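Novice: fold the following for me, if possible:
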Amino acid sequence: MTVSDALIITLISPHGLSQADIATASDALTEAGGIVSAEIALDPPYATDLVVRGIDQPLARALLETLLPGLDVIAQPAAQPRRKKLLVADMDSTMIGQECIDELADFAGLKAEIAAITERAMRGELDFEAALDARVSALAGLDAGAIQRCLDERISLMPGARVLISTMKTLGARTVLISGGFTAFTGVVAGLIGFDRQVANILHIAEGKLAGTVQKPIVDSAVKRATLLAERNALGLAAADTLAVGDGANDIPMLEAAGLGIAYHAKPKAAAAADAAVRVGDLTSLLWAQGIPRAEWAEG
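Specialist: Residues are numbered from 1 along each chain as shown. Okay, the predicted model is just below:
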């Protein structure tokens, strides 16, 4: 076997890995037919790499996620560039802890109704554009000042967001925030975190109130994927140089197009479609996934 057949499997725990965790993973991979050729202390006690041959990525991931539910497991080809030069990230429930439209709806007394639609859309059970139109229409007449109130009172950055983006930019990567939400939020969030670019939908406002419509064409799953590809091509990068992160069904094409697609505390369809899933840790897990130890992390 050659290096192209090998996987680097990163075991991550924000609470610290035990030797028993590492031994469990190594033994399970061996029993499944893999050959563990190296164990590398990436960032003790939080992250360790195992170099494995003879087992494919989906099987290794499924096996270890089942055996070690308290850890994050990132399996990727050893021959692929590990430190990425482009990151494209979703915003709602990925870079921030909320769904902006749900929080905005709360000011109209419609949070439960709107959140139910959002949840179904993110699970891939509803057409995204139709679901967006329905939710935006329900907010018609809401005072536009609710947007700023929502930003001030409801929106919080996801733990690790600033450190992730600051570190990747320090190491020379380009970072893009893309959302099926609204520029009224992404513009602020992108600035707070430090993204190079932000892409999102434009809410129509008339006479100081939400008009109940959004500018077309909307930013949907196809636009997310196209944006990643356009950014990659503009930088002259290979697919393997790119990283995408998101949590919902509308992120799937983007996750699949990236060299490494990571589902972040994601809905089941997105988690299944991604190369890997962060289920336990925060966004700094994406740095360990790239082989970047804390000694190289930049201040967020």
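Novice: SS state for the most centrally placed residue in the chain?
Specialist: Taking C-alpha atoms, centre = their mean as the criterion, residue 245 is the residue nearest the geometric centre of the chain, at 2.3 Å. In three-state terms, and counting by DSSP: H, G, I helix; E, B strand; the rest coil, residue 245 is strand.
Novice: distance of it relative to residue 274?
Specialist: Separation of residue 245 from residue 274 (C-beta to C-beta, to the nearest Å) stands at 9 Å. Any C-beta I mention is one placed from the backbone N, CA and C, and that applies to glycine too.
Novice: quick check: neighbours shared by the two?
Specialist: Taking C-beta atoms under 8 Å, 6 or more residues apart in numbering as the contact criterion, the common neighbours of residue 245 and residue 274 are 255, 261-263.
Novice: closest to residue 63 out of the residues you listed?
Specialist: Using C-beta to C-beta, residue 263 is the member of those that lies nearest residue 63, at 17.5 Å.
Novice: how close does that closest one sit to residue 80?
Specialist: Using C-beta to C-beta, which is the criterion applied here, residue 263 is 18 Å from residue 80.
Novice: one more: residue 62?
Specialist: According to C-beta to C-beta, residue 62 stands 20 Å off from residue 80.
Novice: tell me where the model's unsure across the chain.
Specialist: When residues are selected by pLDDT under 70, those of the chain lie in 1-4.
Novice: what does the helix ranked longest in it rub up against?
Specialist: Here the longest helix in the chain is taken by residue count, with DSSP state H as the criterion, and it is helix 221-235. Contacting residues not belonging to helix 221-235 are listed as 85-86, 88, 90, 128, 174, 176, 178, 180, 197, 199, 217, 238-239, 241-242, 244, 246, 249-254, 256-258 [C-beta under 8 Å, 6+ apart].
Novice: out of the residues you listed, which end up buried?
Specialist: The neighbour count (16 or more other C-beta atoms under 10 Å) marks 85-86, 88, 90, 128, 174, 176, 178, 180, 199, 241-242, 244, 246, 249-254, 257-258 as buried among the contacts of helix 221-235.
Novice: quick one: the helices in the stretch 1-150 of the chain?
Specialist: 19-31, 57-67, 100-106, 111-122, 128-138, 145-153 (DSSP state H, counting those that start in this stretch).
Novice: and the helix or strand just after the last one, how far out from the chain middle?
Specialist: So the one you mean is helix 145-153. Tracing the chain past helix 145-153, the next element assigned as helix or strand by DSSP states H and E is helix 161-170. The gap between where helix 161-170 is centred and where its chain is centred comes out at 14 Å by C-alpha atoms, centre = their mean, to the nearest Å.
Novice: enumerate every residue touching residue 96.
Specialist: Under the criterion of C-beta under 8 Å, 6+ apart, the contact partners of residue 96 comprise 155-158, 161, 189.
Novice: what's the closest of those to residue 124?
Specialist: Using C-beta to C-beta, residue 158 is the member of those that lies nearest residue 124, at 21.9 Å.
Novice: ok, residue 17 - how many residues close by?
Specialist: Counted with other C-beta atoms under 10 Å, residues neighbouring residue 17 total 22.
Novice: cool, the one 5 residues further on as well?
Specialist: The tally of other residues near residue 22 (other C-beta under 10 Å) stands at 17.
Novice: next: residue 138.
Specialist: There are 18 residues near residue 138, going by other C-beta under 10 Å.
Novice: repeat for the one 4 residues further on
Specialist: Other residues near residue 142 come to 20 when the count uses other C-beta under 10 Å.
Novice: distance of it from residue 130?
Specialist: From residue 142 over to residue 130 (counting by C-beta to C-beta), the distance is 20 Å.
Novice: next: residue 48.
Specialist: The span separating residue 48 from residue 130 equals 45 Å under the rule C-beta to C-beta.
Novice: of these two, who's got more company?
Specialist: When residue 48 and residue 130 are compared on other C-beta under 10 Å, the one with more neighbours turns out to be residue 48, at 24 against 11.
Novice: which parts of the stretch 201-300 of the chain are helices?
Specialist: Assigned by DSSP H, counting those that start in this stretch, the helices in the stretch 201-300 of the chain fall at 221-235, 252-257, 268-273, 285-289.
Novice: and among those helices, the most buried is which?
Specialist: Using mean count of other C-beta atoms under 10 Å, the stretch among these with the largest mean neighbour count is helix 285-289, at a mean of 27.
Novice: distance from the chain centre to that helix, please.
Specialist: On the basis of C-alpha atoms, centre = their mean, helix 285-289 is displaced by 11 Å from the centre of the chain it belongs to.
Novice: what does that helix contact?
Specialist: Outside helix 285-289, the residues within contact range by C-beta under 8 Å, 6+ apart are 10, 12, 14, 42-43, 46-47, 72, 74, 76, 87, 160, 163-164, 167-168, 243, 245, 260, 262, 276, 278, 297.
Novice: cheers, nothing more for now.
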